[in-house]
Structures are given as structure tokens and as C-alpha cells.
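1. Here is the input, now give the coordinates:
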Amino acid sequence: KNNNKKNNLTGATGNQQYFAGAPAGNQKPVDHARDGLRSDKKLRDVLVKEKANEMDESGKGALAAAGTGDIIINNYNNKSAKTGTEKDPEKMIDSTAGIMPAGSKENKSKKDSAAAATTAKNKEQKKKSSVWSLGFTGGVGSSNLNQNLFNSVKTLSPVTSSTFAAPPANVNTNNSSSEISPGFSFQAGAFVSRNLSKRFSVSAGVNYHYYSTTIRTGGRINTTLVTTNSINQTIVANSYYENARSQTFTNQYHLIEVPVLVNFQLNKSKKMPFIWELGLTPAYIVSSNALYYDPNTNVYFNNYLRPNKMQLNGETALMFGFPMQKNQWQIGPELQYGFTGFVNTNDGNAGHLFYAGLKITFIPGKK
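-> You can find the predicted model right below:
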């Protein structure tokens, strides 16, 4: 009986046991399952500490401790959860995904910048070789009326007498005209040019060109004179100059020219080119005060012969180029010769404009 009673007092009912020494009213059951859980927690804490100590040596103790603790707790509760170690790679992937596109964009931006620079450079080179450039030109020299390229004209009218009109009483009748001598000439204008290759270019421009010649005359007489010219046209002059050779008279010719030239570079130097220019120069005589000799009356007046307003001249020049700061200068000799006759006449002595001088060209540098 005592044994049975002791067993009843100390025996387990399920997982519960009673303390034998306690009063009957104060006896409490002992829960061994809970005690086992506490033991497991202690064991877990020990394992966590040991694992933390191991990971601290490699610099990852905190993360490993937290992760291991989560594993033990979740395994104990039969629950699944991701550890910190498992979550961090996701964060790392996310952060890497954020960094890699930025790096990719940066590399792409650099490539785009390099491609844009190359394209701009190619466009600039193409522009330099194809775009028209502006320049200015001028020159000074000597001009004349020539019979041909190398011989000047003695007179624009044949020295022959005519019975159509008697010469004035006060005019010397030696019927010998003054020779035409060269005079001062200059030109100034602007042009545009375009390179067609490394050594070949074309240019076109507009110039004002002043020509002059000189003759020897007498004094001016303000009297009306009627005569005929060499092509049998009746001419009325309100004044004339005597053929006395007592003074020098300057015949002036004002022309607007439109030179169209082809330029050949004879050397390979870009800084100091040697250029041969060749082309045509259409021109228009704007005004002139020139005097012409009338052999019928042995006097000079300005409407005895009428010049051809439209002229076509050939032009050639040899130009030596040199740089000055960012600009290009060219200088060299130039020749012009008129292909068309200067005046309308049927005696084969029409004359041709001739010019020889020094040409200067200025080409501003591009900014």
C-alpha cells in the first residue's frame, strides 16, 4: 500500500509529475516537455555562441550568428524562413543590377561621345574641302590698248583725209595722230573659291578695274564740229582738242569685271602654295572719257568712235602663297588681254585692252 501510494504521488500522469514533499493542496505538476524545451534553448544558445565565435575570426560573425539562430529557431518550430545570408545575395544582386546598368550606360556614353567626335571631325574635313570660302583681291599695274598681245596701238583711226568736212581754220593739218601710251591701272574686288581636290580649285568674283592710257593733244576748243567717222557715221561734237601735242591727256576706262578662274597648285606645300591661275574675265565698260583722233578734221573728241561696252578678257597669274597668323596671302604677276575689239571700226585697228600688274589676294582664316 505504501508503495502504491508512493507511486500514486510520484507517478506520471502523461508527462506530469508531482513533487512528493509538498503539501497536498500545493502540489504542482512538473512538465518535462517544457523542461526539455528549455534545455534545447540552452543548447541552441551554446551552438549560436560557438558558431558566432567561429565566424568572428573571418569577419562575418554577426551575420552568421543571426543566420544560424534563425535556422535553429525555425527548425525547432518546423517553419521555413530565409536566412540573412540567403537574403543578402538578393540584395547584392539588386545593388549590382543597379550598378551595372549605370556602368553600362557610362561606357555607352563614352562610345557615343567618341563616335560623335569622329563624325564631327569627318564632317569638318569634308566641309573644309567642299565649302566655298570668301577672299579679297587687288592689284596695281599698267594698262594699254594693244594691236596684239605684244604690240601697242599707234592710233585707233587711219590717218587719211576726207572731203566730207573741212577742218577748222585754226587746226594744224599735219594729219598725224599722237601715239597711245600705257597708263596707270588698278583693280579691287572679292571672290569665292572652292576646292575640288588637293591641287585643283575654282573661283568666281566681281572686280572694279580702272584702265588708262595717255596721248598728247593741244588745247580744248568749245566749238561745234560735224564730221564722219571711219564707218561713215555722221558725228556732231560740241567740243574737241587740237592736235598740237602740247599737253598730256589721260584716257580713263571704268570697268566691272566678273573673273571666273581655275587654279592649279604646282607644288605640294599647304602653307606656301605655288598656284597658276587661268580663266576668262567678262567685263562691262561703265564709263569712259577717252578721246579719239579724227583724221578728217585732224582733231580729237570723245564720241568719234564708240567702244564696245561688253568685253571678254583672258587672264592668267602665278601666285605665291604664304600664311600670316590664321590668314592666307597670295601675291604674284598677272596678265589680262582682251579677246574682243575695243572699238567698232572697219579698218582692222580696233585695239585690245591689255593689263600687266601685281596681283594680291587675301583669304581670311576660319574662326
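
2. can you pull out the helices in this structure?
-> Taking DSSP state H as the criterion, the chain carries its helices at 2-10, 32-56, 61-76, 84-130.

3. How about residue 336: what's its closest non-neighbour residue?
-> Residue nearest to residue 336 in three dimensions, not counting chain neighbours: residue 355, with 4.1 Å by Cβ to Cβ, 6 or more residues apart in numbering. Glycine gets a C-beta too; all of them are placed from N, C-alpha and C.

4. Just give me the neighbour total for that neighbour.
-> Neighbour count of residue 355, defined by other Cβ atoms under 10 Å: 24.

5. wait, isn't it in contact with residue 211?
-> Yes - counting by Cβ atoms under 8 Å, residue 355 sits close enough to residue 211 to count as a contact (6.8 Å).

6. ok, longest strand in this protein?
-> Longest strand of the chain, by residue count under DSSP state E: strand 200-217.

7. Quick check: mean pLDDT of that strand?
-> Per-region confidence: strand 200-217 scores 96 on mean pLDDT.

8. ditto for stretch 241-251
-> Model confidence over stretch 241-251 averages 93 on the pLDDT scale.

9. So for that stretch, what gets flagged as buried?
-> Buried positions in stretch 241-251, judged by neighbour count with 16 or more other Cβ atoms under 10 Å: 241, 242, 243, 249, 251.

10. now do stretch 310-320
-> Taking 16+ other Cβ under 10 Å as the basis for neighbour counts, the residues of stretch 310-320 that come out buried are 311, 313, 315, 317, 318, 319.

11. same deal with stretch 215-234?
-> Counting neighbours by 16+ other Cβ under 10 Å, stretch 215-234 gives 215, 216, 217, 218, 221, 225, 227, 228, 229, 230 as buried.

12. With stretch 342-361 instead?
-> By neighbour count with 16+ other Cβ under 10 Å, stretch 342-361 contains the buried residues 342-343, 345, 349-357, 359-361.

13. where does the chain have low pLDDT?
-> Of all residues in the chain, those with pLDDT under 70 make up the ranges 1-42, 46, 48, 51-111, 121-130, 157-175, 230, 346-348, 367.

14. if we look at stretch 315-332, which residues are touching it?
-> Judged by Cβ atoms under 8 Å, 6 or more residues apart in numbering, the contacts made with stretch 315-332 from elsewhere in the structure are 259, 261, 271-281, 333-336, 358-366.

15. Same question for stretch 242-251.
-> Stretch 242-251 has contacts (Cβ under 8 Å, 6+ apart) with 170-172, 174, 176-178, 180, 183, 212-221, 241, 288-291, 293, 298-300.

16. Pull out the buried residues from the residues you listed.
-> 171, 177-178, 180, 183, 212-218, 221, 241, 288, 290-291, 293, 298-300.

17. that older thread, report the backbone C-alpha coordinates of the longest strand of the chain in CSV.
-> As requested, the backbone C-alpha atoms of strand 200-217 are provided in CSV (Å, rounded to 0.1, in the frame of the first residue of the first chain):
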residue,chain,number,x,y,z
PHE,A,200,42.6,71.9,-108.0
SER,A,201,40.1,74.7,-107.2
VAL,A,202,37.8,77.2,-109.0
SER,A,203,36.9,80.7,-108.1
ALA,A,204,34.5,83.5,-109.3
GLY,A,205,34.2,87.1,-108.2
VAL,A,206,33.4,90.7,-109.0
ASN,A,207,36.1,93.4,-109.6
TYR,A,208,36.2,97.1,-110.3
HIS,A,209,39.0,97.7,-112.8
TYR,A,210,40.4,101.0,-113.7
TYR,A,211,42.3,101.2,-117.1
SER,A,212,44.0,104.3,-118.5
THR,A,213,46.2,105.4,-121.5
THR,A,214,47.8,108.7,-122.3
ILE,A,215,48.0,110.7,-125.5
ARG,A,216,49.4,114.1,-126.5
THR,A,217,46.9,116.8,-127.5
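
18. Now do that strand: which elements does it pack against?
-> Counting by 3 or more Cβ pairs under 8 Å, 6 or more residues apart in numbering; DSSP states H and E, the packing neighbours recorded for strand 200-217 are strand 133-146, strand 181-195, strand 247-257, strand 260-265, strand 352-363.

19. what does stretch 194-203 contact?
-> Counting contacts by Cβ under 8 Å, 6+ apart, the residues touching stretch 194-203 from outside are 128-133, 135, 191-193, 259-265.

20. Verify the stated contact: residue 260 with residue 280.
-> Yes - here residue 260 lies in contact with residue 280, judged by Cβ under 8 Å, at a distance of 5.7 Å.
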